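Asker: Below: sequence and its predicted model.
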Amino acid sequence: MTTRYAVVGSPVGDVAVAVADGAVTDVRLPHPDGSAATDGLGEPADPGDDPVLGAAVRQLTAYFAGELRTFDLLLRPRGTAFQQRVWEGLARVPYGTTTTYGALAAAVGLDPRTTARAVGAANGANRLPVVLPCHRVVGADGTLTGFSGGLECKRALLALEARVATGASTLF
């Protein structure tokens, strides 16, 4: 299985997207300096040479431009059955909204009193951020909490969605 990737410019920096065997396997948010996180990701490729990679690049570009709210990509997330369950719940969190770790746990049929932290850990293991929108999950008190791309990146993604969804300046 050869993994191929391309880099998409975004308001948060260069985002790398990778595909293998006809599905998107990774979306990597940029390093703190804004450069693409491509280390060990595979081989760079021209999105025009791979229809799945091309679709991923087009859709991510449209999302960052505020022109796309729902992704339509074949995904291949890698994780445990529990993580997969949480990520399926992430896919149902509406654009321009937020939820909490406890509410996400309840939405996937788990007891939020005992699994909210495990749901948070599953979010942290998500290799498809933005597409599986872990940035839409906040702390129980509504504050921004951990995010693989950093809190400023999370804030920027939420602000982008808020502007597009409601015309408001920001959620945070």
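Answerer: Alright, I've got the coordinates.
Asker: Can you name the residues that contact the residue nearest the centre of the chain?
Answerer: For the chain, the residue nearest the mean C-alpha position is residue 129 (1.7 Å; C-alpha atoms, centre = their mean). Counting by C-beta atoms under 8 Å, 6 or more residues apart in numbering, residue 129 makes contact with 27, 29, 135, 147-149. Where C-beta positions appear, they are placed from N, C-alpha and C, glycine not excepted.
Asker: Also residue 17?
Answerer: For residue 17, the contacting residues are 5-8, 24, 26-28, 53, 56-57, 60, by C-beta under 8 Å, 6+ apart.
Asker: could those residues go into TSV alongside secondary structure and neighbour count?
Answerer: Output for the contacts of residue 17, formatted as TSV (DSSP: H, G, I helix; E, B strand; the rest coil; neighbours: other C-beta atoms under 10 Å):
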residue	secondary structure	neighbour count
5	strand	25
6	strand	23
7	strand	20
8	strand	21
24	strand	24
26	strand	22
27	strand	24
28	strand	23
53	helix	21
56	helix	26
57	helix	21
60	helix	23
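Asker: Which member of those is positioned nearest residue 42?
Answerer: For the contacts of residue 17, the closest approach to residue 42 (C-beta to C-beta) belongs to residue 5, at 5.4 Å.
Asker: Does the closest one touch residue 14 like I think?
Answerer: No - using C-beta atoms under 8 Å, residue 5 makes no contact with residue 14, being 11.2 Å away.
Asker: for the lengthiest helix in the chain, packing partners?
Answerer: Criterion DSSP state H: the longest helix present in the chain is helix 151-166. For helix 151-166, there is no helix or strand it packs on, judged by 3 or more C-beta pairs under 8 Å, 6 or more residues apart in numbering; DSSP states H and E.
Asker: Right, I'll leave it there.
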